[in-house]
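>>> Take a look and give me a structure for this.
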Amino acid sequence: MFGFRKNTASASGGTIARFARREEGTATVEAVLWLPMLLSILVIMLDTSMLFNNRTQALRLMQDANRSFALGRLNEAETEEFLRSRLRQISPSATVDTQVVAGVITTRVTMRANEMDLVGLFRPFANLTIGLHAEHLAEN
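As a prediction, the model looks like this:
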């Protein structure tokens with residue numbers, strides 16, 4: 001009469017059965033299960049790419065410093081200080097060693113990996129270091 005259902009027990013039983021047969025929410029469940037794994041892979045890729053990017057920047061700085069030393073713009077101590085000041089942005093505790101042996105300028109840089117990551121993935125590996133080595137012929 002006023003829009004009420006007469007047989008509420010059978011109506012609710014049919015609704016539950018229809019709900020159990022529907023498959024519209026299965027993609028949501030799968031997405032919830034896979035999303036953390038996909039995000040973890042993305043974070044690992046991001047952190048690793050930042051590590052390689054910082055390594056490439058440091059190598060380029062080493063090559064520029066060695067070139068300036070080879071042209072006589074910098075001496076050995078100035079080359080090391082130039083590199084330390086530029087590498088502070090990448091790795092604050094980086095060590096720099098520049099030597100000239102038999103007309104070859106050799107620079108070695110050691111940086112800690114946990115200082116160069118973006119997200120913090122490499123922080124548990126406190127002893128992991130990245131060593132770089134660059135050589136350039138002296139042009140004197």
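
>>> buried set for stretch 52-63?
54-55, 58, 61-62 (16 or more other CB atoms under 10 Å). The C-beta positions use only the backbone N, C-alpha and C, and glycine is treated the same way.

>>> Stretch 108-128 too?
Of the residues in stretch 108-128, 109, 111-117, 121-122 count as buried by neighbour count, 16+ other CB under 10 Å.

>>> Let's verify Gly120: helix, strand, or coil?
On the three-state scheme (DSSP: H, G, I helix; E, B strand; the rest coil), Gly120 is labelled coil.

>>> Correction: the previous question concerned Arg86.
helix.

>>> how about it, what does it touch?
When contacts are counted by CB atoms under 8 Å, 6 or more residues apart in numbering, Arg86 touches Leu61.

>>> and Ala94, what is it in contact with?
Counting by CB under 8 Å, 6+ apart, Ala94 has contacts 58, 83-84, 87-88, 109-112.

>>> residue closest to the middle of the protein?
For the chain, Asp47 is the residue whose C-alpha lies nearest the centre (CA atoms, centre = their mean; 1.8 Å).

>>> Below-threshold pLDDT in this protein: ranges please.
1-13, 19, 23-26, 140 (pLDDT under 70).

>>> looking just at contacts, which helices and strands does the host helix or strand of Ile105 meet?
Using DSSP states H and E, Ile105 sits within strand 104-112. With contacts defined as 3 or more CB pairs under 8 Å, 6 or more residues apart in numbering; DSSP states H and E, the packing partners of strand 104-112 are helix 26-70, helix 76-87, strand 95-101, strand 129-137.

>>> partners of the third one, with directions?
Strand 95-101 has its sheet partners listed here by DSSP bridges as strand 104-112 (antiparallel).

>>> Quick one: distance of the strand it pairs with to the chain centre.
Taking the mean of its C-alpha atoms, strand 104-112 sits 22 Å from the chain's own mean (CA atoms, centre = their mean, to the nearest Å).

>>> Would you mind giving the orientation angle of it with respect to helix 26-70?
150 degrees (axes from the mean of the first three to the mean of the last three CA atoms, to 10 degrees).

>>> quick one: contacts of strand 104-112?
With CB under 8 Å, 6+ apart, strand 104-112 has contacts from 54-55, 58, 62, 65-66, 69-70, 79, 83, 87, 90-91, 93-100, 126, 128-138.
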